[in-house]
Each structure stands twice: as structure tokens, then as C-alpha cells.
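Visitor: structure of the sequence below:
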Amino acid sequence: MIHWLQHTTGGLLTLAAVSIAVLLVLIIKLKLEPFIALIVVGLLTALAAGLPVGTIVGSAQKASDSLLEKGFGSILGHITAIIGLGTILGSILERSGGAKVLTGALLRSFGEKRAPLAMGVAGFVFGIPVFFDIGIFVLAPLVYVAARQGGRSLVLYAMPLLAGLSITHAFLPPHPGPVAAAGLLHVELGWIILMGLACGIPAFLIGGVLYSTWIGKRITVDVPEDMVFAEEDGEREENPPSLGLVAAIIAVPLVLILAGTFGSIWLPKGSALAGVAAFIGTPAVALTVAVLLASWLLGLRRGFTGKDLNELAAKSLRPVAMILLVVGAGAFFGAVLSATGIGKAVADSLHDAGLPVLLAAYVISCGMRIAQGSATVAIVTTSGIIAPTVAQLGYTQIQLALLVMAISAGSIIASHVNDGGFWIVSRYFNLTVPQTLKSWTALETVLSLSGFGVSALLMAVV
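Guide: Predicted coordinates for the structure are as follows:
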């Protein structure tokens, strides 16, 4: 029995299925923190597969070569600075009033009749540097005002905004899910940005514009009086930053990263220009430049002190610790699957069954999302599961980026009661649970299917 489990394709596949099932039980039924559950299941899977203890955890004298430390270290060394810098950048844009400037300009540009589309574009653009829930907290009051002025259902204005925030959270750096997947599958972030836009924009148009308009006319929700808040004295901005400045700061890291990606392709190898492009295009360097610019142009020049910026950074980074722990534990779990040979077994089985890896990755990600609620956990766990398989296939960078898009699309399907975002949406937009299921849950499913459909089409032609 032990030999069958550790050395045959059937046994390894059984071990993989059991380990994933146990992982879901620990997270869903026992309410164990995902990063703890990933460590526990990773350790048990490694032991069940017969890996030596020294390989799994090292020794008292040396643990640096162990699966546990290398699993955590390999991914955290890649993403920690990116996620931290991206979080600080978003907090500065929020605190300086940049979100309100951006949304106000879009509302004026699109006009009252197209205000829902303006809210969607605001969510898409402002969602690039900030987390999903922060985007809701900052932009929700503007949705209330737009809905009241337009005299139509709150759903018609809220859903496009949520679609924009959700797409950027799942598909684009510096959000933790796509950044972690890029690290686990060894994809350059420049390709993630390009394929994220290629898959995310059509999904946004289908879900955030077409579906949101359709459902917004069928669910009538008024804006309650207590949802139109006056600005707090400490947040009132008498001299807000210009739209051009806000847009430029958001664009800086994206442009630099893309310059680094394509500079390595188009510029002569070993040239000074190639070296400059590689340096400024390094995601951590690009985001550092953006944070320094934002600190100066939106902070110090506008009356912030160094102490204010330090406090703002410290406050914004508090939620990041748990995200990093989950990502690191997911990488460890993936390293275990690779070391046990499960990855090769899965690759062989998928090949024999004729099931495309892209579809398998999407289905696994959907299952993880529906089961435990977190998009980030779904992306990280699925990437860890699929990485050993992908390593056998010789995919190009574009193909790997599209695989990340398929995983990301699966991670946002069918948000329901086990997802914190479900309750944030319900509370902030005055929706009952049935209304939230009909609007938000259905919207997430439309975005997921659309994003996966585009990724599959692109994969067929690259």
C-alpha cells in the first residue's frame, strides 16, 4: 500500500486529491487560518510521500536547503517588496484625495447618463494601486452621490465600480494574487500586465458594462440617508491634486515594468540601455520610484510631514502580513507537490485524459474560490498545485501569463457568504443577501467566465 501510494501514478494522484481535500476541510470546516492549513497539509503530504525529514525541514544545524525554508523564501523574496510598496502607494493616493479627483473627473467627462460607466472606469484605474476593500471604502460615498443625483438604482452605479476593482485585484500587479502566481510560475510581470489588460478589459466590458447595466435596471435599491456622508474634517481637501498628476503616478510603475520587459527583448544584449531598462523595469525598483514620487508630489509638497507618511505606511502595511504568510505557505505546498513527483503524475494524467492544463487550472481555481472564499488563496494554492505540472510543458512567457489569467479568472467566480467581500458589498450598498447573490455573485461569475474565455482564445493563437 505504501509503495503504491509513493511510487505509482495512481497513488500519487490519490495523495494529491486527499491532500487538497484535507486542506479544504481544515480551512472551511475547522476555520483554520489558510497559511497554517497549508503548512500542516504540506508537511503531512511530504511525510506520506516518503520524503526524508531532512529534505522537508532540514536539521538543527542547517535548514536553509529544506523544502520548508526554500518554499517560503523563494516566493517571499520575489513578492514582499512589490506588495509592500504597492500597498504604500495606494494609501498615499487615497489619503491625498487622488481617488476623488480621478472619479470626479470621470463623472464630468462621461456625463450624467454615462455615470455608471464612469464609476466602472474609476474602479478599474484606481483599483490598480489599492486593494479591493480599500477601493470600496474610498469610492463608495461617490457612488452614493452619483446614484442620488441620477435618481436611479444604487446597483446600477455600484456594480460597474465593483467590476473594475475586482478585475484589477485578480488580474494585475501589484496585487498579491497575480504577483504570487507570477513568482510561482516564473513569469515576468510585464507579461502579466499585458495579458491582464488583454483578458481583464473584455471581461470588464462584458460584466462591468453589459451585465451591470442589465441587472442595475432590475434590482431597485435606493440610497439611504445615512449613506451620504459628509467628509470628515481631517479628510477634506481644499486644494486637491491634479488629475494629470494622479494618473501619471499610477502609470509610472506600469510603464517602467513594461520598459524593462520589452527592453530585454528589443535592446542589444549587454548594452548600457539594456542595463538601464532592466534596472528601472525591476518591479521593486519601479514601485520604489512611484512611491518616492507620490511621497513627494502628493505628500511633502502638500503639507504632509515625514511623520505623517511614516504613520500612513505603517497603518497600510498591517493587513499585508497575513497575505504574505498565505503566499509563502502556498509556495511551500507547491514545493512539496513538486518534490514528491505529484506534479509529473498530474501532467501525465492530464495529457492522457486530453484535458488542457489551462482548463484544469481554471477548474481548480474555481473550486478553491467557491470552497474557501479568498481570491488570493485560490490563486496562490492553484498556482502551487499546477506549477510542478507546468514545469514539464515548456510553456513560453506569454503562455504562462495566460495560464495565470485563467487561474485569476477562476479565483473570482461565485463570491458568496464565505467571502468577506460579499458582506462588504452587501453592507456598503444596502443590499439584502438575495439581492447580493443576484447582483454581486452573478457579476463575479460573469467576470470569471469572460476572463477565462478570453485567455483560452488567446492561448489557442499564441
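Visitor: residue 422 contacts residue 412, correct?
Guide: No: if you go by CB atoms under 8 Å, residue 422 and residue 412 don't touch, sitting 11.8 Å apart. Yep, even glycine has a C-beta here, placed from its N, CA and C like the rest.
Visitor: quick one: the helices in the stretch 201-350 of the chain?
Guide: Secondary structure of the stretch 201-350 of the chain (DSSP state H, counting those that start in this stretch): helices at 212-216, 243-266, 272-280, 283-294, 306-317, 320-340, 342-353.
Visitor: ignore what I typed, I meant the stretch 351-462 of the chain.
Guide: Under DSSP H, counting those that start in this stretch, the stretch 351-462 of the chain gives helices at 357-372, 375-390, 397-410, 420-428, 433-436, 442-461.
Visitor: right, so of the ones you listed, which gets closest to residue 6?
Guide: The closest of those to residue 6 is helix 375-390. By CB to CB, the value is 15.8 Å.
Visitor: so how far is the closest one off the chain centroid?
Guide: Offset of helix 375-390 from its chain centre (CA atoms, centre = their mean, to the nearest Å): 13 Å.
Visitor: next, the angle helix 320-340 makes with it.
Guide: 20 degrees (axes from the mean of the first three to the mean of the last three CA atoms, to 10 degrees).
Visitor: helix 375-390 packs against which elements?
Guide: helix 9-24, helix 154-171, helix 176-185, helix 320-340, helix 342-353, helix 357-372, helix 397-410 (3 or more CB pairs under 8 Å, 6 or more residues apart in numbering; DSSP states H and E).
Visitor: tell me which of the ones you listed is the most buried.
Guide: Comparing the helices and strands packed on helix 375-390 by mean neighbour count (mean count of other CB atoms under 10 Å), helix 154-171 ranks first with a mean of 29.
Visitor: ok, now which ones touch the closest residue to residue 150 other than its chain neighbours?
Guide: Counting by CB to CB, 6 or more residues apart in numbering, the nearest residue to residue 150 once its immediate chain neighbours are dropped is residue 115, at 5.6 Å. By CB atoms under 8 Å, 6 or more residues apart in numbering, the contact set of residue 115 is 107, 146, 149, 150, 157.
Visitor: from residue 200, how far off is residue 115?
Guide: 22 Å (CB to CB, to the nearest Å).
Visitor: same check, this time on residue 224
Guide: 32 Å.
Visitor: residue 394 too?
Guide: Taken as CB to CB, the span from residue 394 to residue 200 is 26 Å.
Visitor: when those two are compared, which one has more neighbours?
Guide: residue 200 (28 against 7; other CB atoms under 10 Å).
Visitor: hang on, isn't the more buried one packed against residue 167?
Guide: Yes: the pair residue 200 / residue 167 is scored as a contact, 4.4 Å apart, by CB under 8 Å.
Visitor: who touches both of those two?
Guide: Contacts common to residue 200 and residue 167, judged by CB under 8 Å, 6+ apart, are residue 451.
Visitor: could you check the pLDDT of the residue nearest to residue 150?
Guide: pLDDT recorded at residue 115 is 85.
Visitor: over to it: give its phi and psi.
Guide: The phi/psi pair for residue 115 (degrees, to the nearest 10) reads phi -60, psi -40.
Visitor: and for residue 100, the neighbour number?
Guide: Other residues close to residue 100 by other CB under 10 Å number 22.
Visitor: just checking, it touches residue 243?
Guide: No: judged on CB under 8 Å, residue 100 makes no contact with residue 243 at a distance of 10.7 Å.
Visitor: among the contacts of residue 115, who's most crowded?
Guide: residue 157 (29 neighbours).
Visitor: confidence score at that one?
Guide: Residue 157 is given a pLDDT of 94.
Visitor: test my guess that it contacts residue 146.
Guide: Yes: taking contacts as CB under 8 Å, residue 157 lies within contact range of residue 146: 5.1 Å.
Visitor: need the residues touching each of the two.
Guide: 115, 116, 119.
Visitor: let me know the closest of those residues to residue 26.
Guide: residue 119 (38.7 Å).
Visitor: that closest one: which element?
Guide: Using DSSP states H and E, residue 119 maps to helix 115-126.
Visitor: run through the neighbouring helices and strands of the helix or strand that that helix is followed by.
Guide: Proceeding N to C from helix 115-126, the next assigned helix or strand is helix 132-150, under DSSP H and E. Contacts defined by 3+ CB pairs under 8 Å, 6+ apart place helix 132-150 against helix 67-95, helix 98-110, helix 115-126, helix 154-171, helix 420-428.
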